[in-house]
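Trainee: Model the following, please.
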Amino acid sequence: QVQLVESGGGLVQAGGSLRLSCAVSGGSSSRYAMAWFRQSPGKEREYVGAISNRPTTTYLADSVKGRFTTSRDSAKNEVYLQMDNLKPEDTAIYYCAARTYFSADLQSGYEYWGQGTRVTVSS
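Mentor: Numbering: from 1, shown residues only. Here you go, the predicted structure:
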């Protein structure tokens, strides 16, 4: 059973940075497509970005492109979301997700989810 645990959330001022981590257990993150989603109160869950494994490529939503990056450390079995130049509209609970099967669509079909980590950006 794959388990995901996010960490690194917190309160930051607009323009600041945070790095979220997703620790993977029960499997090797390098074998999975890994994604980040976020959800703000009253809004639907939003895709933020993903890192595929066939080949290793990263994808980011237009809303965060140029400000966020995602990466993987296979040795630590962790995935990261580096968030720079944060804006108040980035305030949300951020979730890490894993998918064990291959699909060209990296925005859906994730089987495993973490519990989320809260990010609050003050203006």
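
Trainee: After the lowest-mean-pLDDT helix or strand in the chain, which helix or strand is next? Please name it.
Mentor: Lowest by mean pLDDT, DSSP states H and E among the helices and strands of the chain is strand 58-60, with a mean of 91. Next helix or strand after strand 58-60 toward the C-terminus (DSSP states H and E): strand 68-73.

Trainee: in this structure, which spans are helices?
Mentor: Counting by DSSP state H, the chain forms no helices at all.

Trainee: Give me the most central residue, it.
Mentor: In the chain, the centroid-proximal residue (C-alpha atoms, centre = their mean) is residue 36; its distance is 2.5 Å.

Trainee: residues contacting that residue?
Mentor: 20, 22, 47-50, 70, 81, 94-97 (C-beta atoms under 8 Å, 6 or more residues apart in numbering). For the C-beta atoms, the positions are set from N, CA and C on the backbone; glycine is no exception.

Trainee: again, only this time at 10 Å
Mentor: Contact analysis of residue 36 by C-beta atoms under 10 Å, 6 or more residues apart in numbering lists 6, 20, 22, 46-51, 60-61, 64, 68, 70, 79-81, 83, 94-97, 114.

Trainee: Among these, which lie within strands?
Mentor: 6, 20, 22, 46-51, 60, 68, 70, 79-81, 83, 94-97 (DSSP state E).

Trainee: re the thing from before, who is the residue nearest to the centre of the chain paired with across the strands?
Mentor: For residue 36, the beta-bridge partners under DSSP bridges are residue 49, residue 96.

Trainee: And it, how far from residue 123?
Mentor: Distance, residue 36 to residue 123, using C-beta to C-beta, to the nearest Å: 23 Å.
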